[in-house]
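*Asks:* Here's a sequence, model it:
(one chain, ligands or ions: 1)
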Amino acid sequence: MAGKAGGKERAAKAATKLCAVDDIPDGGSNGFFVDTADGRLLYMAIRRGAKVFVYVNSCPHTGMPLDFQPGQFLNADGTLIQCSTHGARFRIEDGYCVSGPCEGDSLTAVETEIREGRVHVKG
Ligand code: FES
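*Replies:* Here you go, the predicted model:
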């Protein structure tokens, strides 16, 4: 019995608030710092209506952050995530690199949930 309650408590604590959904422009992107047990991580978030896609802001090519201007992660027409350093392009839906020096690699996806208009990072 206590194990169940304890597990629930741990699960609740494990989710960290990232931002409000409205902190991400619909059709656009934003970046956020999150303090974790392993240190401070920078995440990118892309919003498509009610859906939010979150990845670690680290390009699989060199590990550099992707944004040239803070929070700007998309290409000119807003259809792909684009790295500002060497131009790799990634699908928004799954972070897969479709062109550039790390073609075939993927961004590191971050599991999230949306509750009461806020995006929470799981685990
Ligand atoms: S660092 Fe992203 S494409 Fe080279």
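*Asks:* Can you tell me, leaving aside adjacent residues, what's nearest to the residue nearest to the spatial centre of the chain?
*Replies:* The centre of the chain sits closest to Val54, judged by Cα atoms, centre = their mean, with a distance of 2.1 Å. In this structure, Val54 finds its nearest non-sequential neighbour in Val110, 4.1 Å apart by Cβ to Cβ, 6 or more residues apart in numbering. All C-beta atoms are positioned from the backbone trio N, CA, C, and that covers glycine.
*Asks:* Same check on Ile81?
*Replies:* Phe90 (4.1 Å).
*Asks:* now this protein, which segments are flagged as low pLDDT?
*Replies:* The chain contains residues with pLDDT under 70 at 1-14, 123.
*Asks:* what are the ranges of the strands in it?
*Replies:* 16-20, 29-36, 39-48, 51-56, 80-82, 89-91, 97-99, 112-115, 118-121 (DSSP state E).
*Asks:* can you list these in JSON lines and add distance to the ligand?
*Replies:* What follows is the strands of the chain, written out as JSON lines (distance: least, Cβ to the nearest ligand atom, whole Å):
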{"stretch": "strand 16-20", "distance to the ligand": "23"}
{"stretch": "strand 29-36", "distance to the ligand": "15"}
{"stretch": "strand 39-48", "distance to the ligand": "13"}
{"stretch": "strand 51-56", "distance to the ligand": "13"}
{"stretch": "strand 80-82", "distance to the ligand": "9"}
{"stretch": "strand 89-91", "distance to the ligand": "9"}
{"stretch": "strand 97-99", "distance to the ligand": "8"}
{"stretch": "strand 112-115", "distance to the ligand": "23"}
{"stretch": "strand 118-121", "distance to the ligand": "23"}
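*Asks:* Using a markdown table, please lay out those strands together with distance to Asp67.
*Replies:* Formatted as a markdown table, the strands of the chain follow (distance: least, Cβ to Cβ, whole Å):
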| stretch | distance to Asp67 |
| --- | --- |
| strand 16-20 | 15 |
| strand 29-36 | 6 |
| strand 39-48 | 7 |
| strand 51-56 | 12 |
| strand 80-82 | 9 |
| strand 89-91 | 13 |
| strand 97-99 | 16 |
| strand 112-115 | 19 |
| strand 118-121 | 18 |
